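Undergrad: structure for this input, please:
(one chain, ligands or ions: 1)
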Amino acid sequence: VGLWRRTLGEVVDIRDLQNLTLPDRLSVFRGQRVLITGNTGFKGSWLALWLQALGAEVSGYSLPPPTVPNLHELIRSVSNIEQTEGDVRDLGGLRRILGRVEPQVVFHMAAQPLVRRSYAEPVETAETNFIGTIKLLEAVRLERRPTAIVVVTTDKCYENSESTRGYCETDRLGGHDVYSMSKAAAELAVESYRRSFFPETGLEEHGIAIASARAGNVIGGGDWAEDRVVCDIVRALDRNEPVALRNPDAVRPWQHVLEPLSGYLHLAAGLLGRGEMPTGAYCSSWNFGPTRESCRTVQELVECFLAIWGGGSFEITAKDLRRHETKTLILSIEKATKQLKWSPRWGFRESVQRTAEWYRAYYNGEPHAVLVERCTKQIADYINGAEDQWPATQ
Ligand SMILES: NC(=O)c1ccc[n+]([C@@H]2O[C@H](COP(=O)([O-])OP(=O)(O)OC[C@H]3O[C@@H](n4cnc5c(N)ncnc54)[C@H](O)[C@@H]3O)[C@@H](O)[C@H]2O)c1
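TA: Below is the predicted model of the structure:
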């Protein structure tokens, strides 16, 4: 981890973040051994960076990065995150990494995360997302070490009734497509393992505090996945083509990547005994969505992005009628705001702006270290609640 001198002439160090006045709860990660599955992915890369900035010893267990380019490679060039290549369907591999790292916290994020790909690869999606979660829980059971575990699922785990009320944690699970089903099944796996092997009432004895987290549609710099709106936008802009919109009227809970990650961190802190409630009260499922203001249509997101970018166009293409697309998906975050005292910080426009600026810098050829520094700066701003002071790249 080094110092990077950016064009503005100011020196920023990832370790500077450790000197910020952190909410008491987030300082709990300083010196903690943390394992992230899926650390080579979009959200995992941001989380690894954030945890490292908080002073955690971060290890990762994942398949190689799912895309080229990817944020993980950018971050690796300036960080000391320990990375083990491994498959979450491999129980032996999971046991070995748990035995070696002896993590005090595990964030389980490894997944096949794309709805459309789940139509092409249903079995692989179910094996990775459902069986992979079972294998992780089983490895934890067999290794028997006190651990706080956050299993990341999705807002799509709810049986979708096109309601605008906002799904809450007690709503029925379901899943029209295989991705959603596999994540609903992962939720059931967590519930079942908690009840069978890690009950809240026996925490003092087994020491394994486990929770699941359901977030919305995440945007932010450094994602190049197929079939995600922002990724489609930047690819189209890079090729100087109009952005193709399949489902412009679909309403989604858009949020900057730091929002759900901050929810996961607050939740893990609670599981580590740093919350206001008894540890057992955190051992359940939690929604980390945006406010209603950020529940917008796909078209609104594209229009906002292009306006901030200052160019580009879009065209509405024929819908793929063979694929089911949910029209409305909104999460209730009442539980997290009331009980966890977590709430979203960045509104719709700011989230889009932070995202667009990062990609513009990337496509302008900004050096890797400076791009990573942009991430670090966004994390610092997020923690500080600061407005964006980074000048847009020309
Ligand atoms: N990005 C979103 O909008 C969003 C929204 C809701 C939930 N989620 C969930 O958040 C998590 C992270 O999503 P992301 O957007 O970072 O996805 P991503 O595709 O960028 O990353 C997925 C990660 O999982 C790893 N992986 C995939 N299969 C694996 C296997 N069999 N064994 C080990 N590692 C494997 C990949 O190598 C990668 O590190 C996923 O669980 C996803 O379902 C994402």
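
Undergrad: how many neighbours does residue 120 have?
TA: 10 (other Cβ atoms under 10 Å). No exception for glycine: its C-beta is placed from N, CA and C like everyone else's.

Undergrad: quick one, phi/psi of it?
TA: Phi and psi for residue 120, reported as degrees, to the nearest 10, are phi -80, psi -30.

Undergrad: and if you look at residue 43?
TA: When quoted as degrees, to the nearest 10, the phi and psi of residue 43 stand at phi -70, psi -40.

Undergrad: what does the helix ranked longest in the chain contact?
TA: Selection of the longest helix in the chain by residue count, based on DSSP state H, yields helix 178-196. For helix 178-196, contacts defined as Cβ atoms under 8 Å, 6 or more residues apart in numbering pick out 111-115, 117-119, 122, 125-126, 128-130, 133-134, 137-138, 141, 151, 153-154, 156-158, 160, 173-175, 200, 210-212, 214, 283, 285.

Undergrad: which stretches of this structure aren't confidently modelled?
TA: Judged by pLDDT under 70, the chain has its weakly predicted residues at 1-24, 319-325, 386-394.

Undergrad: tell me the residues of it that contact the ligand?
TA: By Cβ under 6 Å from any ligand atom, the part of the chain that sits against the ligand consists of 38, 40-44, 62-63, 66, 87-89, 109-113, 128, 132, 152, 154, 215, 217-218, 225.

Undergrad: re earlier: mind checking which of the contacts of helix 178-196 are in strands?
TA: 151, 210, 211, 212, 214, 285 (DSSP state E).

Undergrad: redo these as a markdown table? Include neighbour count.
TA: Output for these, formatted as a markdown table (neighbours: other Cβ atoms under 10 Å):
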| residue | neighbour count |
| --- | --- |
| 151 | 24 |
| 210 | 24 |
| 211 | 20 |
| 212 | 26 |
| 214 | 25 |
| 285 | 20 |
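
Undergrad: so which of those residues comes closest to residue 369?
TA: Nearest to residue 369 among those is residue 151, at 32.8 Å by Cβ to Cβ.

Undergrad: who does that closest one bridge with?
TA: Note on residue 151: beta-bridge partners by DSSP bridges are residue 108, residue 212.

Undergrad: please name the bridge partners of the closest residue to the ligand within the stretch 201-350 of the chain.
TA: Closest contact between the stretch 201-350 of the chain and the ligand, by Cβ to the nearest ligand atom, is at residue 218 (3.6 Å). On the basis of DSSP bridges, residue 218 is bridged to residue 255.

Undergrad: residue 69 touches residue 224, doesn't it?
TA: Yes. Counting by Cβ atoms under 8 Å, residue 69 touches residue 224, with 5.9 Å between them.

Undergrad: so those two - more neighbours on which side?
TA: For residue 69 versus residue 224, neighbours defined as other Cβ under 10 Å are more numerous around residue 224 (19 against 12).

Undergrad: confirm that one sits in a helix?
TA: No. Looking at residue 224 with DSSP: H, G, I helix; E, B strand; the rest coil, it is coil, so not inside a helix.

Undergrad: now do the contacts for the closest residue to it other than its chain neighbours.
TA: Spatial nearest neighbour of residue 224, excluding adjacent residues (Cβ to Cβ, 6 or more residues apart in numbering): residue 67 at 4.3 Å. Neighbouring residues of residue 67 by Cβ under 8 Å, 6+ apart: 224, 225, 226.

Undergrad: output these as JSON lines; include the columns distance to residue 339.
TA: As requested, the contacts of residue 67 are exported to JSON lines (distance: Cβ to Cβ, whole Å):
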{"residue": "224", "distance to residue 339": "36"}
{"residue": "225", "distance to residue 339": "32"}
{"residue": "226", "distance to residue 339": "36"}
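
Undergrad: just the closest of those to residue 312, please.
TA: Comparing the contacts of residue 67 against residue 312 with Cβ to Cβ places residue 224 closest, at 17.2 Å.

Undergrad: which residues does the closest one contact?
TA: Here residue 224 is in contact with 67, 68, 69, 70, 231, 234, 235 (Cβ under 8 Å, 6+ apart).

Undergrad: again, but for residue 227
TA: Taking Cβ under 8 Å, 6+ apart, we find residue 227 in contact with 114, 115, 116, 117.
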